[in-house]
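J.: the sequence and its predicted three-dimensional model are supplied below.
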Amino acid sequence: MTGFRTLLYKELLRFWKVSFQTIGAPVLTALLYMLVFSHVLESRVEVFPGVSYGAFLIPGLAMMSLLQNAFANSSSSLVQSKVTGNIVFILLPPLSHAEFYWAYVIAAMVRGMLVGAGVFLVTLVTVSVPFPNLLWALAFAMLGGGILGALGLIAGIWADKFDQMAAFQNFVVMPLTFLSGVFYSIHTLPPFWQAVSHLNPIFYMIDGFRYAFFGASDRSPWMSLAIVTGCFTALSFASLQMIRRGYKLRH
Amino acid sequence: MVPAISVKSLSKRYGSLQALDGVDLQVEQGEFFALLGPNGAGKTTLISVLAGLARPDAGEVRVMGHDVVRDYRAARRALGVVPQELVFDPFFTVRETLRIQSGYFGLRNNDAWVDEIIDRLDLRAKANANMRALSGGMKRRVLVAQALVHKPPVIILDEPTAGVDVELRQGLWEFVGSLNAEGHTIVLTTHYLEEAETLCGRVAMLKQGRVVALDTTRNLLADLSGLQLSMRLEPDRLPVQFEGRARRDADGAWVMALGRHAEIADVAVALRAEGVELKDLRVLEPDLEEAFVRIMGRR
């Protein structure tokens, strides 16, 4: 356990030492989204009855920031270590595969949740949102952070260069997070795009998380929870297999 | 006693390159062992397999009796590796780096030993400096310290003195020598053959992924012809009695094999009798470099 705790501590310290960039910057970005979108759309869109557009947007923005930063944490840490070569300090010690996996994923979850909480608190200045059902909110926040943390781990192991990582982030993570109903309810989309959205696992994370605030959602929260849990299990299994086989880590 | 390192029929291929081709090697506990060979001979690949950074295609590799694949955690606990590249984590100070490395090896209260290696490697003044602020030589010392946090019985140093100034090199060897005296097994690769010659009891030479020589340093040197005399003459004319015994080297000096040192006097007397003046005279002792060049030159 000491090996796991140390790797987790190192991963936490890594982003904490530059928290201005790793937490402050994404919170500011989300606040800007909030100011612009809610100002433009406030009077035109009502997604759930009795819920203002600004209030609707806050949980989605918080979750989107959480997910993007969970991904950024594990992926950037790994790709940096690989490119600079200091990954050997983790490969030489007797860390088990599970210790390696959980340390990176939990650190990613923690950073994601700190950013998510930061976004939530800051955007509350502009609009008021009902206090969430904590169990639902935490379940989706942790699972969402875990999924994107594991995805970041996979991308970090796969990518050999920073531009490959940037491609993964820009062409996979960004479209998935943007097309997940952060800014709208997917019921407002044409049927084809609704069907496409239902294939996006991030849609269920956002939808379930929003349920924790408004008690209303596009899909049943239980179904979302089951899908998100399934995704987390599958990605965990895949990343553990990669670590066990030493894919791109041990020749 | 179980060998510190045991390598049996080890092969490893990278694409079309056969990096290691049936390597057999055993290093006993307490040895100071050198792994020599030109670039691309397979030294670093062999070290990578020992450290678990590369997976063997065939063969069996053990560190202190632990298989590096099946029993990887025990094998890694027994091994400290100083990598060739000057790598570091720019987020941390020297002390943080060493504490974190201790933790990876499962050691929680390791501060006393961390302080000791900081002192013994002369890192005290930089202990709280960020890794980025350190000179190349200092970073190299931190790499050595990182390899030692868990007091491994077997220590591998991959080109530890490449690009290191003379003072640090000597300090480093003194320190590594003291570790060896304390019972640690040391394996090193180096391009400086005189270092291997003075430090190491045994030497393995690798060429194109195979072990081409494996013996004590003393035996490798004994196999070479003994003393040689190199001289430049004025006029450049060799007395008749030495013709056939001497040859010209690439620089045009005469080189002659001697049976014993006392023969030098005979040569000098014979030259004077012929009226030939000695412009330059050097006695060449056999060294590992010569052995290396000869062994690598063989087909």
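T.: Okay, I see it. Numbers count the residues shown, from 1 in each chain, chains lettered A, B, ... in the order given.
J.: so which helix or strand takes in the closest residue to chain B within the stretch 1-150 of chain A?
T.: Proximity to chain B, evaluated over the stretch 1-150 of chain A using C-beta to the nearest C-beta, is greatest for A:Thr6 at 2.7 Å. Using the backbone N, CA and C atoms, a C-beta is placed for each residue, glycine as well. Using DSSP states H and E, A:Thr6 maps to helix A:2-16.
J.: which strands and helices sit next to that helix?
T.: Using 3 or more C-beta pairs under 8 Å, 6 or more residues apart in numbering or on different chains; DSSP states H and E as the contact definition, the elements that helix A:2-16 packs against are helix A:53-84, helix A:97-123, helix B:94-104.
J.: buried stuff in it?
T.: Neighbour counts using 16 or more other C-beta atoms under 10 Å in any protein chain shown place A:Gly3, A:Phe4, A:Thr6, A:Leu7, A:Leu8, A:Tyr9, A:Lys10, A:Glu11, A:Leu12, A:Arg14, A:Phe15, A:Trp16 of helix A:2-16 among the buried residues.
J.: turn the residues you listed into CSV, columns for pLDDT and distance to B:Leu188.
T.: Listed next are the buried residues of helix A:2-16 as CSV, based on pLDDT from 0 to 100; distance: C-beta to C-beta, whole Å:
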residue, pLDDT, distance to B:Leu188
A:Gly3, 89, 27
A:Phe4, 93, 32
A:Thr6, 94, 28
A:Leu7, 95, 29
A:Leu8, 95, 34
A:Tyr9, 94, 33
A:Lys10, 94, 29
A:Glu11, 94, 33
A:Leu12, 95, 36
A:Arg14, 91, 32
A:Phe15, 92, 37
A:Trp16, 93, 38
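J.: tell me how far B:Ala78 lies from B:Leu188.
T.: Shown here: B:Ala78 relative to B:Leu188, a distance of 17 Å by C-beta to C-beta, to the nearest Å.
J.: do the same with B:Cys200
T.: In this view, B:Cys200 and B:Leu188 are 7 Å apart by C-beta to C-beta.
J.: could you give the number of residues near the one residue in the stretch 101-250 of chain B that gets nearest to chain A?
T.: When scored by C-beta to the nearest C-beta, the stretch 101-250 of chain B has B:Gly103 as its residue closest to chain A, at 2.7 Å. Look at B:Gly103: counted by other C-beta atoms under 10 Å in any protein chain shown, it has 23 neighbours.
J.: residues contacting the residue lying closest to it once chain neighbours are set aside?
T.: By the measure of C-beta to C-beta, 6 or more residues apart in numbering or on different chains, the closest residue to B:Gly103 outside its immediate chain neighbours is A:Thr6, 2.7 Å from it. Each residue near A:Thr6 by C-beta atoms under 8 Å, 6 or more residues apart in numbering or on different chains is listed here: B:Ile100, B:Ser102, B:Gly103, B:Tyr104.
J.: now pLDDT too, for those, in JSON lines please.
T.: Formatted as JSON lines, the entries for the contacts of A:Thr6 read as follows, by pLDDT from 0 to 100:
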{"residue": "B:Ile100", "pLDDT": "93"}
{"residue": "B:Ser102", "pLDDT": "94"}
{"residue": "B:Gly103", "pLDDT": "93"}
{"residue": "B:Tyr104", "pLDDT": "94"}
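J.: how near is A:Gly246 to A:Ser75?
T.: 19 Å.
J.: please read the previous query as pertaining to B:Arg120.
T.: The span separating B:Arg120 from A:Ser75 equals 38 Å under the rule C-beta to C-beta.
J.: interface residues of chain A facing chain B?
T.: Chain A comes close to chain B at residues A:2-3, A:5-7, A:9-10, A:13-14, A:17-18, A:81, A:84-86, A:88-96, A:246, A:250-251, as judged by C-beta under 8 Å from any C-beta of the partner chain.
J.: give me the below-cutoff pLDDT ranges for the stretch 101-250 of chain B.
T.: Across the stretch 101-250 of chain B, the ranges flagged by pLDDT under 70 are B:223-226.
J.: how about the residues of it by chain A?
T.: Counting by C-beta under 8 Å from any C-beta, the stretch 101-250 of chain B comes close to chain A at B:Gln101, B:Ser102, B:Gly103, B:Tyr104, B:Phe105, B:Gly106, B:Leu107, B:Arg108, B:Gln146, B:His150.
J.: how does it look with 10 Å?
T.: Taking C-beta under 10 Å from any C-beta of the partner chain, the part of the stretch 101-250 of chain B that reaches chain A is made up of B:101-108, B:131, B:143, B:146-147, B:149-150.
J.: pLDDT at the residue nearest the centre of chain A, what is it?
T.: Among the residues of chain A, the one closest to the centroid is A:Leu67, at 1.3 Å (C-alpha atoms, centre = their mean). We note a pLDDT of 95 for A:Leu67 in this prediction.
J.: next, count neighbours for the spatially closest residue to it that is not a sequence neighbour.
T.: Sequence neighbours aside, A:Leu148 is the residue nearest to A:Leu67 in space, at 4.6 Å (criterion: C-beta to C-beta, 6+ apart). Using other C-beta under 10 Å, A:Leu148 has 33 other residues around it.
J.: please, which helix or strand holds A:Leu148?
T.: In this structure, A:Leu148 is located in helix A:134-158 according to DSSP H and E.
J.: which parts of that helix are buried?
T.: Under the neighbour-count criterion of 16+ other C-beta under 10 Å, helix A:134-158 has A:136-137, A:139-158 buried.
J.: give me the distance between the residue nearest to A:Leu13 when sequence neighbours are not counted and B:Pro83.
T.: Ranked by C-beta to C-beta, 6+ apart and with sequence neighbours excluded, the top spatial neighbour of A:Leu13 is B:Phe91, at 7.0 Å. When C-beta to C-beta is the yardstick, B:Phe91 and B:Pro83 sit 18 Å from each other.
J.: between the two, tell me which one has more neighbours.
T.: B:Pro83 (24 against 21).
J.: what's the more buried one sitting at in phi/psi?
T.: Main-chain dihedrals, B:Pro83, degrees, to the nearest 10: phi -70, psi 160.
J.: list the buried residues in the helix or strand that comes right after the helix holding A:Leu148.
T.: Where DSSP H and E defines the elements, the next helix or strand beyond helix A:134-158 is helix A:162-168. For helix A:162-168, the neighbour count (16+ other C-beta under 10 Å) marks A:Met165, A:Phe168 as buried.
J.: show me what helix A:162-168 is packed against.
T.: helix A:53-84, helix A:134-158 (3 or more C-beta pairs under 10 Å, 6 or more residues apart in numbering or on different chains; DSSP states H and E).
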